[in-house]
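S.K.: one predicted model, sequence on top.
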Amino acid sequence: MGHAANPPVIDVGTLKRWVGRPDVCIFDCRFRLEDPEWGERSWESGHIPGARYAHLDQVLSSPITEMSGRHPLPDPTRLARWLGLAGVDETVRVVAYDQTTGPFAARLWWLARWLGLPDVAVLDGGWSAWVEDHGPIETSPPRAAAPRSFEPQPDSGQWLTTEAIEAVVTGRAQALVLDARQAPRYRGLEEPIDSVPGHIPGAVNLCYLDTLTPDGRFLKRAELRQRFAAVLGHRPSHEVVHSCGSGVTACLTLLAMEWAGLHGSRLYAGSYSEWIRTGFRPVAREPCNGGPQGAGRS
């Protein structure tokens, strides 16, 4: 995903030059899990000119089922239709932004590439960087776009099912799960969202925040490569599978690898919330006394 002609990350200066072009569609992806309508309210208060709002729950996910994680992948035909009505087809550049360089914009980036769109990018630093650089702001809804259409070609090779992760955990398949959650959740020391603390056995941890600067931009690419190498060792990137709580934040570490030039990693779309759904799959935790990790059943 991503190459020199259409990099997966762009800066504010580049987007300023693109605003208003008919071959560019911009999407505001700001969102808060604890307040699902905050992002749309923020968009209504001010957004990059021409940006349309993409709601994580309503657009970028499908309804939760008894066996799914918290943010199942959306139906590809429905998502392609929604994008087409916003003016997107294979000839259009798609740009997503978040409050900073965040997971919700990365989710749209991953989904659009999954559908087969060739030119998709995330704004480095997001809305905060745009405001800091005095980018123009619009408060009225964008004008209706001329509808376009494209035939989605979802690439099943870009993500893994829970059954595929089970094969990894039991040693029947080779891959390394990279958990993007914060360390206390990965270790099972706290769990504010999901019902069972811990992580997928064998997973390693690199919090998505550790790919970013304090002001919410990506680290320099050489530093990103060092961060990933420290966790992944000599594991080739195509053997890395990104996971988190629900398959959203994991898109950001996947994007960070792509931006660092480490291509070909994949997403565990269901992530930890789907892994623990049945209550029969093993989980690993770090005991409170700091001893070795132990495995249990969720």
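M.R.: Everything's here; your move.
S.K.: which SS state does residue 145 fall under?
M.R.: coil (DSSP: H, G, I helix; E, B strand; the rest coil).
S.K.: what about residue 120, neighbour count?
M.R.: Neighbour count for residue 120, taken as other C-beta atoms under 10 Å: 25. The way it works is simple: take the backbone N, C-alpha and C, and place the C-beta from them, glycine included.
S.K.: and residue 99, by the same measure?
M.R.: By other C-beta under 10 Å, neighbour count at residue 99 equals 20.
S.K.: list the residues that contact it.
M.R.: 30, 42, 126, 127, 128, 216 (C-beta atoms under 8 Å, 6 or more residues apart in numbering).
S.K.: quick check: it vs residue 264, distance?
M.R.: Separation of residue 99 from residue 264 (C-beta to C-beta, to the nearest Å) stands at 29 Å.
S.K.: which parts of the stretch 101-250 of the chain are strands?
M.R.: Using DSSP state E, counting those that start in this stretch, the strands of the stretch 101-250 of the chain run over 120-123, 159-160, 176-179, 204-205, 240-243.
S.K.: can you lay out the ones you listed as TSV showing mean pLDDT and distance to residue 111?
M.R.: TSV is the format used below for the strands of the stretch 101-250 of the chain (pLDDT from 0 to 100; distance: least, C-beta to C-beta, whole Å):
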stretch	mean pLDDT	distance to residue 111
strand 120-123	98	9
strand 159-160	98	10
strand 176-179	98	19
strand 204-205	97	25
strand 240-243	98	14
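S.K.: with distance to residue 14 as added columns, please give these in a markdown table.
M.R.: Converted to a markdown table, the strands of the stretch 101-250 of the chain look like this (distance: least, C-beta to C-beta, whole Å):
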| stretch | distance to residue 14 |
| --- | --- |
| strand 120-123 | 8 |
| strand 159-160 | 28 |
| strand 176-179 | 29 |
| strand 204-205 | 33 |
| strand 240-243 | 26 |
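S.K.: among the ones you listed, which is nearest residue 152?
M.R.: Nearest to residue 152 among the strands of the stretch 101-250 of the chain is strand 120-123; the distance by C-beta to C-beta comes to 13.4 Å.
S.K.: each with direction, which strands does the closest one pair with?
M.R.: Strand 120-123 has the following strand partners under DSSP bridges: strand 9-10 (parallel), strand 93-97 (parallel).
S.K.: off-centre distance for that strand?
M.R.: Averaging C-alpha positions (C-alpha atoms, centre = their mean, to the nearest Å) puts strand 120-123 12 Å from its chain's average.
S.K.: and for stretch 182-194?
M.R.: On the basis of C-alpha atoms, centre = their mean, stretch 182-194 is displaced by 19 Å from the centre of the chain it belongs to.
S.K.: how far does that stretch stretch from start to finish?
M.R.: End-to-end distance of stretch 182-194: 14 Å, with C-alpha to C-alpha, to the nearest Å as the criterion.
S.K.: and what of stretch 86-102?
M.R.: 22 Å.
S.K.: again with stretch 43-61
M.R.: 19 Å.
S.K.: hmm, who's touching that stretch?
M.R.: With C-beta under 8 Å, 6+ apart, stretch 43-61 has contacts from 15, 19-20, 24-31, 36, 39-40, 71-74, 79, 82, 86, 96-97, 104, 107-108, 111, 127, 130, 135-139, 142, 248.
S.K.: which among those count as buried?
M.R.: Buried subset of those (neighbour count, 16 or more other C-beta atoms under 10 Å): 15, 19, 24-31, 39-40, 71-74, 79, 82, 86, 96-97, 104, 107-108, 111, 127, 130, 135, 142, 248.
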